[in-house]
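# Need a 3D model of the following:
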Amino acid sequence: MLVADDFHGVGLGLKLTDMIIGIAREKGLKDLYGFALNDNIQMINLSKRLGFTIEKYGADEVKFTLEL
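The predicted structure follows:
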């Protein structure tokens, strides 16, 4: 997911991620994951707030995972 700069800080990322989690649960998925660059602190913090676990992935990325 990518949120345009003009829409940062208005809750759009939270809303979209929450909707994706809901759809994944409805579809019976066991987990959900994504990747972000190490310097994308807003996405990393959002993922932590929503219960994702964060782990280093490669030199400049993190992987966030949510068990559903």
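# For the residue minimising distance to the centre of the chain, give me the pLDDT.
For the chain, the residue nearest the mean C-alpha position is S47 (4.6 Å; C-alpha atoms, centre = their mean). Looking at S47, its pLDDT reads 94.
# so what's it up against?
Residues near S47 by C-beta atoms under 8 Å, 6 or more residues apart in numbering: 17, 34, 36, 54, 64, 66. (Glycine included, C-beta is placed from N, CA and C.)
# From these, list the buried ones, please.
By neighbour count, with 16 or more other C-beta atoms under 10 Å, these hold 17, 36, 64, 66 as buried.
# Who are the contact partners of the third one?
For F64, the set of contacting residues under the criterion of C-beta under 8 Å, 6+ apart consists of 33-36, 43-44, 47, 52-55.
# Return the item of these having minimum pLDDT.
Within the set of the contacts of F64, pLDDT is lowest for M43 (90).
# Secondary structure element holding that one?
In this assignment (DSSP states H and E), M43 forms part of helix 41-49.
# and that helix, which residues are buried?
For helix 41-49, the neighbour count (16+ other C-beta under 10 Å) marks 43-44, 46-47 as buried.
# any chance you could map the helices in this structure?
Ranges of helices in the chain, per DSSP state H, are 12-26, 41-49.
# Kindly format the C-alpha coordinates of the last one as CSV.
Once side chains and other backbone atoms are set aside, the C-alpha atoms of helix 41-49 remain, and they are given as CSV (Å, rounded to 0.1, in the frame of the first residue of the first chain):
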residue,chain,number,x,y,z
ILE,A,41,9.0,5.1,10.7
GLN,A,42,5.3,6.0,10.3
MET,A,43,4.5,2.6,8.7
ILE,A,44,6.6,0.8,11.3
ASN,A,45,4.9,2.5,14.2
LEU,A,46,1.4,2.0,12.6
SER,A,47,2.2,-1.7,12.2
LYS,A,48,3.3,-2.0,15.9
ARG,A,49,0.1,-0.2,17.1
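# Thanks a lot, catch you later.
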